[in-house]
Structures are given as structure tokens and as C-alpha cells.
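Asks: Generate a structure from the sequence data that follows.
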Amino acid sequence: MIKKILLLWSFSQCFGLFAQENNLSAKERQQYFFDNANTAMKNGELTRAIYLFSMSKRNTNDKKIIEVCTQKTDSLKLIVRANLTNEIVGNWRMFETRAEWAMREPTDSLVGKMITIDPTQILFYELFDKAKKWTLVKTEKLSFSDKSSMLENPLLIPYENKQVWSYWIDSQTGFLKAMYIGEENEEGIGEMVCGNLVYKYYKLE
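Replies: Here you go, the predicted structure:
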């Protein structure tokens, strides 16, 4: 729910910017996004700054401005991605089991699911009734997509099958959440805007 609220807030912020810059010339529009990006960066809103620098870059053909915006977004991506990785590293047990990440028929003998996240990969485990240990069923690289998305989100994680997921820590509960975003394709990321699957995990000590 919190993620949905943040997404709606992001949309409202973007639409507010679009409304304000609607009557500006192309040069003024580029400068408008660039100035707002610098303000967001100074305020610590790094993901928002990435989006705004990207919009500034889209609204100009000036190679110097494009280079500056690219340098800023690349630098900011390194920071926000490192921050997220540090936050989600650990062992997490799912407490909602609606998803089946292994392609097989559901079975009553499945009693638990967990993931182990390290700086380079996500390991998916399942626990079956009477089993003495968890079974590794899938491994995904922990990498971030650089393909274009609706809000130029730098924290989207693509799976090998082209599914794209967003991972984050719920600031109120401390739970890890994983939300299905859409599919990665040649043109960018095709995103769902409602009805997204969200899985919740608690951290194992």
C-alpha cells in the first residue's frame, strides 16, 4: 500500500512539473527540469533527481548538457543502488505464499519459502514437509535495469525470464517487499500500474 501511495505521489509530482513547464520553450523546459533535479539532489531525493535529470536530457540536443545529465544520473544510480543492496542483503522468509516461482503444480507438502540476498544474487528456497533442509529452486542475479521505465526508476531488478521486480524495505514494518513491475523488452520496461503482485518477507536472524 505504501509503495502504491509513493507511486501515486510520484505521478502527481511529475504531472505538477509538466503543468508548470507546459508553456515553456524547449530551452526553458530543459533548464526547468535541470534546476528541479539539482534541488531534489540537494534535498536528498536522489531517485527523483535521477528522473528529472533524465527529463532534462530528453529535452535538449546540446551535447554538453546531455553529457552533464548523464554523468549526474550515472553517479546517483551508483549511490541509490548501493544503498538498496545494503538494505536488502540477508535471509528473508515469505509470510504470504500466493506465488509459485517454480513451474510445477502446487503441493500441500510445501511449508515455507525464503530468499537469501547477497550483493550479487538472490537465492530462492523452498521447504517441504518432513524435509531436513531448505531446497534451492532458483537463482537470479542481483542487477539493475538501465532500460527506460515510466519514472526512470533506477532500482528495478530484471530476472532471467525478463520479468522486472522492485524490492524495498517497508519503513513502518521493516518487512522486505517484492513487487512485480512488468516485463523488460527491447524498447524498455512495460509496466503494470495496478493489480501488481506484492510478496512480503520478514528477516531471519
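Asks: Give me the mean pLDDT for the helix ranked longest in the chain.
Replies: For the chain, the longest helix by residue count, based on DSSP state H, is helix 63-88. When the per-residue pLDDT values of helix 63-88 are averaged, the result is 97.
Asks: Can you list the buried residues in it?
Replies: Burial within helix 63-88, assessed by neighbour count using 16 or more other Cβ atoms under 10 Å, is assigned to 65, 69, 72-73, 76-77, 80-81, 84-85, 88. For glycine as for every other residue, the C-beta is placed from the backbone atoms N, C-alpha and C.
Asks: Which residue comes closest to Leu176 once chain neighbours are left out?
Replies: Tyr201 (4.2 Å; Cβ to Cβ, 6 or more residues apart in numbering).
Asks: Just list the residues touching the one you found, thanks.
Replies: Shown in contact with Tyr201 (Cβ atoms under 8 Å, 6 or more residues apart in numbering): 92-95, 114-115, 175-178.
Asks: 10 Å - rerun?
Replies: If you count contacts by Cβ atoms under 10 Å, 6 or more residues apart in numbering, Tyr201 has them with 88, 90-96, 113-115, 117, 167, 169, 175-178.
Asks: And the spatially most distant residue from the centre of the chain, what's its pLDDT?
Replies: Taking Cα atoms, centre = their mean as the measure, the residue most remote from the mean C-alpha position of the chain is Lys130, 36.2 Å away. For Lys130, the model assigns a pLDDT of 85.
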